[in-house]
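S.K.: Give me a model of this one.
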Amino acid sequence: MRTLACLLLLSLAACGGGPDADALKQGVGERLAQALPGGTVTLGNLERRGSQSDTKAPAGETRRIVYFDAELKLAKDFDFGAWDSPGVAGLVSALGTGPKGIAGIASGGNKAGDVIRAHGTALYKREGDKWAAVVSGGYRAAAAPAYATNAPQGPAAILDAMRKVVDGIAKTGGPAQRAVIEEELTAAHAAIRARVARATDGYAIAAGAENGQYLRFAQALSDIKGSRTVALVTRGGEENIRMLREGKATLALAQGDAALLAYEGRGNFANEGPYSSLRAVGSLYPEPVHVLVRAESALASIESLAGKRIAIGVRGSASRITALRVLQAHGISKGYTPVELALGEALVGLRQSRVDAVIQVIGVPADSIRDALDEIPLRLLPLSPKAIVALSAAKAGYFSYTIQPGAYSSQKQEVPTIATAALLLGANDLSEAEVDTITRFVFEKGRDFNARGSAQGTQVSPASARQGLSIPQHSAAAKALDAMAGK
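M.R.: Residues are numbered from 1 along each chain as shown. So this is what the prediction gives:
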């Protein structure tokens, strides 16, 4: 009888497996309508692909993660990569998927009639005999180091000696010693791959940390047929610029404000002096300032953070410098407690109420922020109009920016802020012919970076390649972009 009852109820609740296909399609349609401008897409075929229990559900609450395949048809021309639209961020949030779960998005814009296919997820919780949708941060990025299965090979004797050192530290060393080993091995790995790449006429890109947006973009670029680029795991933009200057990389990714400091030899680059030969190939995508607080918090403005515990980023990071500038622009230069944490640790601190706010410069949609939304409701604070004007006019690599509604699934309103551009930088020894080739390859229209794992890559376009440039652009790159635009 129990089996018969289960079969009878299958169409309604899949025997505890979440909502049926019709309810699921209605929910997905509602999220799409919220995330994208009206009349952008129509939701066509949607097939339910099963469900599983949400192991991270709060105590006493029954949740199901429902999987589905969907087809969306563009009702009008639309550029998902435009810097001033919800674009791919809204699409990813609405469908609860990762970049690789969406196929059909073209850099430079899609045309009416184009079909976008997605493997999505939706989160539901049981309320009595019904299933209610839960506002979720969406997908979680896989956490598998790129070098774990692609470790560099060297002479057997050297590797054996290194292995003994590492094993010895693992058994007897403390956290500080283990950190030194990890840092040195990461740096050595990056240097070796860079030299090998150049030896075979390739281009080593100093990208960023594992699971970071810089590394995802560099890996997506390297995944394109005909690419001769190699993505390097690094500690981020500031290290990337130094690797470029020292000849350890051919290309590098960095924030526009950090590139300007290096170019002028100020801030964290003061000891090295001006890097006057540094040149930009082009702007890739915007990296807006996110100021995050708990949703139930009474904090409503940046000014209200005075006297609070604020996670501003780790010392030496470009994001930390920007966070301090944002606070100063709102009249907060002291009287608060600065907490130096990386973004992941800062979000944990926010969840555990060890910090009151988190300030981070990062592209939209930010995977770690979306992931945190699955566990705690968060809210974005807007920057004041006065601060936005002051920061944008300071010629420090910032420009006015708006995080659009739907960029994060819980976000219902526009959030005014500032942004800096993620820049592709080139080494001094690149020839004009090389820069021309690289520029055309990176900014060619029609690339589906999203399907290759980089949601931010969708925003790469010749039309925005000069937007937010904080340092001089390489002359060969400027000529190539002019040619691509038909000038």
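S.K.: so where is the stretch 351-487 of the chain shaky, pLDDT-wise?
M.R.: 487 (pLDDT under 70).
S.K.: Please repeat the previous calculation with a cut-off of 80.
M.R.: Flagging of the stretch 351-487 of the chain using pLDDT under 80 yields the residue ranges 374, 409-410, 486-487.
S.K.: For it, which segments count as strands?
M.R.: With DSSP state E, counting those that start in this stretch applied, the stretch 351-487 of the chain shows strands at 357-361, 378-380, 399-403, 415-426, listed in chain order.
S.K.: my read: Q213 touches Q456, true?
M.R.: Yes: assessed by CB atoms under 8 Å, Q213 is found in contact with Q456 at 5.4 Å. All C-beta spots, glycine's among them, are computed from the backbone N, C-alpha and C.
S.K.: of the strands of the stretch 351-487 of the chain, which approaches R64 most closely?
M.R.: strand 378-380 (22.9 Å; CB to CB).
S.K.: picking up where we left off before, overlap of the contact sets of Q213 and Q456?
M.R.: Common contacts of Q213 and Q456, defined by CB atoms under 8 Å, 6 or more residues apart in numbering, comprise G363, A422.
S.K.: hey, which strand is longest across this structure?
M.R.: Secondary structure of the chain read by DSSP state E shows that its longest strand is strand 279-294.
S.K.: Extract the CA atoms of that one and return them as CSV.
M.R.: Taking C-alpha atoms only, strand 279-294 is exported to CSV below (Å, rounded to 0.1, in the frame of the first residue of the first chain):
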residue,chain,number,x,y,z
ARG,A,279,51.1,48.5,-20.6
ALA,A,280,47.5,47.2,-20.8
VAL,A,281,46.3,45.0,-23.5
GLY,A,282,42.7,45.9,-22.6
SER,A,283,40.0,45.9,-19.9
LEU,A,284,38.3,42.6,-19.5
TYR,A,285,35.4,43.0,-17.1
PRO,A,286,34.3,45.3,-14.1
GLU,A,287,35.2,44.4,-10.5
PRO,A,288,32.7,46.3,-8.3
VAL,A,289,33.1,47.0,-4.6
HIS,A,290,30.8,44.8,-2.5
VAL,A,291,29.9,45.9,1.0
LEU,A,292,28.1,43.0,2.7
VAL,A,293,26.2,42.8,5.9
ARG,A,294,23.8,40.3,7.4
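S.K.: Use 34 as the first number for this chain going forward.
M.R.: That works, and once the first residue is 34, the last one we named lands at strand 312-327.
S.K.: what's the offset of that strand from the middle of its chain?
M.R.: If you compare the mean C-alpha spot of strand 312-327 with that of the full chain, they lie 9 Å apart, counting by CA atoms, centre = their mean, to the nearest Å.
S.K.: try stretch 192-199
M.R.: Distance of stretch 192-199 from the chain centroid (CA atoms, centre = their mean) equals 35 Å.
S.K.: State the mean pLDDT of it.
M.R.: Stretch 192-199 carries an average pLDDT of 72.
S.K.: so who does the residue most central in space within the chain touch?
M.R.: Nearest to the geometric centre of the chain sits Q246, at 3.9 Å (CA atoms, centre = their mean). Contact partners of Q246, counting by CB under 8 Å, 6+ apart, are I395, G396, A399, D400, A455, S487, Q489.
S.K.: which of those lies closest to Q446?
M.R.: A399 (17.9 Å).
S.K.: got the contact list for the closest one?
M.R.: Q246, H323, L376, Q393.
S.K.: Quickly check those for the two that are furthest apart.
M.R.: Taking every pair in these and measuring CB to CB, the maximum separation is 12.6 Å, between Q246 and H323.
S.K.: what touches both of these two?
M.R.: Where contact means CB under 8 Å, 6+ apart, the residues bridging Q246 and H323 through contact with each are I395, A399.
S.K.: top of the contacts of A399 by neighbour count?
M.R.: Each of the contacts of A399 was scored by neighbours using other CB atoms under 10 Å; the highest score is Q246's, at 27 neighbours.
S.K.: Phi and psi next, for that residue.
M.R.: The phi/psi pair for Q246 (degrees, to the nearest 10) reads phi -70, psi -30.
S.K.: Could you do G377 as well?
M.R.: The main-chain torsion angles of G377 are listed as degrees, to the nearest 10 and equal phi -60, psi -50.
S.K.: any chance you could map the helices in the stretch 184-333 of the chain?
M.R.: Using DSSP state H, counting those that start in this stretch, the helices found in the stretch 184-333 of the chain span residues 189-205, 208-232, 246-255, 270-278, 289-297.
S.K.: With distance to A66 as new columns, can the ones you listed be given to me in CSV?
M.R.: Below are the helices of the stretch 184-333 of the chain laid out as CSV (distance: least, CB to CB, whole Å):
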stretch, distance to A66
helix 189-205, 53
helix 208-232, 45
helix 246-255, 27
helix 270-278, 37
helix 289-297, 34
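S.K.: so which of those helices gets nearest E336?
M.R.: When these are ranked by distance to E336, counting by CB to CB, first place goes to helix 289-297 at 22.6 Å.
S.K.: between that closest one and strand 390-394, how big is the angle?
M.R.: Helix 289-297 and strand 390-394 meet at an angle of 60 degrees, taking axes from the mean of the first three to the mean of the last three CA atoms, to 10 degrees as the criterion.
S.K.: which residues are contacting helix 289-297?
M.R.: Helix 289-297 is contacted from outside by 270-271, 274, 278, 287, 300-302, 305, 307-309, 311, 313, 316, 351, 354-355, 429-431, 453-456, 458, 501-505, using CB under 8 Å, 6+ apart.
S.K.: Buried among the residues you listed? Need that as a selection in ChimeraX.
M.R.: Buried residues within the contacts of helix 289-297, by 16 or more other CB atoms under 10 Å, are selected in ChimeraX with:
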select :270,271,274,278,287,301,302,308,311,313,316,351,354,355,429,430,431,453,454,455,456,458,501,502,503,504
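S.K.: circling back: and which of the contacts of A399 is nearest E329?
M.R.: The shortest gap between E329 and any of those belongs to H323, at 18.3 Å (CB to CB).
S.K.: Pop the domain breakdown of the protein in here.
M.R.: Following automatic domain parsing, one finds the domains of the chain at 35-166, 189-318+457-517, 320-453.
S.K.: Mind telling me what element G62 is part of?
M.R.: Using DSSP states H and E, the element containing G62 is helix 54-68.
S.K.: circling back to that earlier point, what separation is there between the residue nearest to the centre of the chain and T491?
M.R.: Distance of Q246 to T491, given as CB to CB, to the nearest Å: 12 Å.
S.K.: cool, and T73?
M.R.: As it turns out, when the distance is counted by CB to CB, T73 lies 15 Å from T491.
S.K.: Same question for Q500.
M.R.: 15 Å.
S.K.: More neighbours: which of the two?
M.R.: The neighbour comparison of Q500 against T491 (other CB under 10 Å) goes to T491, with 29 against 17.
S.K.: ok, that one to A303 distance?
M.R.: 36 Å.
S.K.: Check A253 too.
M.R.: Taken as CB to CB, the span from A253 to A303 is 34 Å.
S.K.: can you check V322 too?
M.R.: As judged by CB to CB, V322 and A303 stand 23 Å apart.
S.K.: of these two, who's got more company?
M.R.: Neighbour totals were compared for V322 and A303, and V322 leads with 27 against 11 (other CB under 10 Å).
S.K.: Any idea how many residues pack against the residue lying closest to the more buried one once chain neighbours are set aside?
M.R.: Setting aside the residues directly before and after it, V322 is nearest to T450 in space (CB to CB, 6 or more residues apart in numbering), at 4.9 Å. Other residues near T450 number 24, with proximity taken as other CB under 10 Å.
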